[in-house]
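Asker: okay, structure incoming, though there's no sequence with it:
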């Protein structure tokens, strides 16, 4: 029988040792999470519902709000659950999923911020060509490329044997 072991879960470092501080962290993180959900939800709703906000800049802002929702929803619910229930364990699969999605959302967000910088460049430096350079098809293609690059970034940087690097939980 070979000598082998497998990792089924990890223990996370606690933010605080006392129960009162853990509950304070829970309420603080809950407030931050709800504020982020409300703010990004309002941005998404406003851009989706108002016809005047169907410009390329607002389309990219909608995508950025969705990516921000994904970023904060990747780690904060587990952090709040650990603080509320006084636990420190995370499964190996849960850790791998958190790392994958965190890298996905951050990679896509950085790519989308680059696309938004290009949008601003065209609006400032080539205002007469703005409509032809950034039509609806070009905007959708650039946003899809940003999301796709985030996916590729997370695929390339999530190594199966070393999935739980420096993440904040």
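Answerer: Now that the structure is in, tell me what you want to look at. Because the structure is a prediction, the values reported are computed rather than measured.
Asker: only C-alpha atoms for contact and neighbour calcs from this point on.
Answerer: OK.
Asker: look up phi and psi at residue 88.
Answerer: Backbone torsions of residue 88, given as degrees, to the nearest 10, read phi -130, psi 0.
Asker: begin at 27 from now on, thanks
Answerer: Understood, numbering begins at 27; the last thing we discussed is residue 114.
Asker: residues near it, how many?
Answerer: 18 (other CA atoms under 10 Å).
Asker: state the pLDDT value of it.
Answerer: Predicted confidence (pLDDT) for residue 114: 83.
Asker: before we move on, what about residue 30?
Answerer: Predicted confidence (pLDDT) at residue 30: the value is 66.
Asker: give me the element residue 136 is part of.
Answerer: helix 118-151 (DSSP states H and E).
Asker: which positions within that helix qualify as buried?
Answerer: Going by neighbour count (16 or more other CA atoms under 10 Å), the buried part of helix 118-151 is 118, 121-139, 141-142, 145-146, 148-149.
Asker: show me the helices in this protein, by range?
Answerer: Using DSSP state H, the helices found in the chain span residues 45-75, 82-111, 118-151, 156-159, 162-183.
Asker: so for residue 35, which of those sits nearest?
Answerer: Nearest to residue 35, of all these, is helix 118-151, at 4.9 Å by CA to CA.
Asker: let me see the mean pLDDT of the closest one.
Answerer: Averaged over helix 118-151, pLDDT sits at 94.
Asker: how many degrees apart are it and helix 82-111 in direction?
Answerer: 150 degrees (axes from the mean of the first three to the mean of the last three CA atoms, to 10 degrees).
Asker: list the helices and strands helix 118-151 packs on?
Answerer: In terms of contacts (3 or more CA pairs under 8 Å, 6 or more residues apart in numbering; DSSP states H and E), helix 118-151 is packed against helix 82-111, helix 156-159, helix 162-183.
Asker: turn the ones you listed into TSV, including distance to residue 43 and mean neighbour count.
Answerer: Formatted as TSV, the helices and strands packed on helix 118-151 follow (distance: least, CA to CA, whole Å; neighbours: other CA atoms under 10 Å):
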stretch	distance to residue 43	mean neighbour count
helix 82-111	10	19
helix 156-159	56	14
helix 162-183	33	17
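Asker: a markdown table for these, including mean pLDDT and distance to residue 74?
Answerer: Shown next, in a markdown table, are the helices and strands packed on helix 118-151 (pLDDT from 0 to 100; distance: least, CA to CA, whole Å):
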| stretch | mean pLDDT | distance to residue 74 |
| --- | --- | --- |
| helix 82-111 | 93 | 8 |
| helix 156-159 | 90 | 20 |
| helix 162-183 | 94 | 15 |
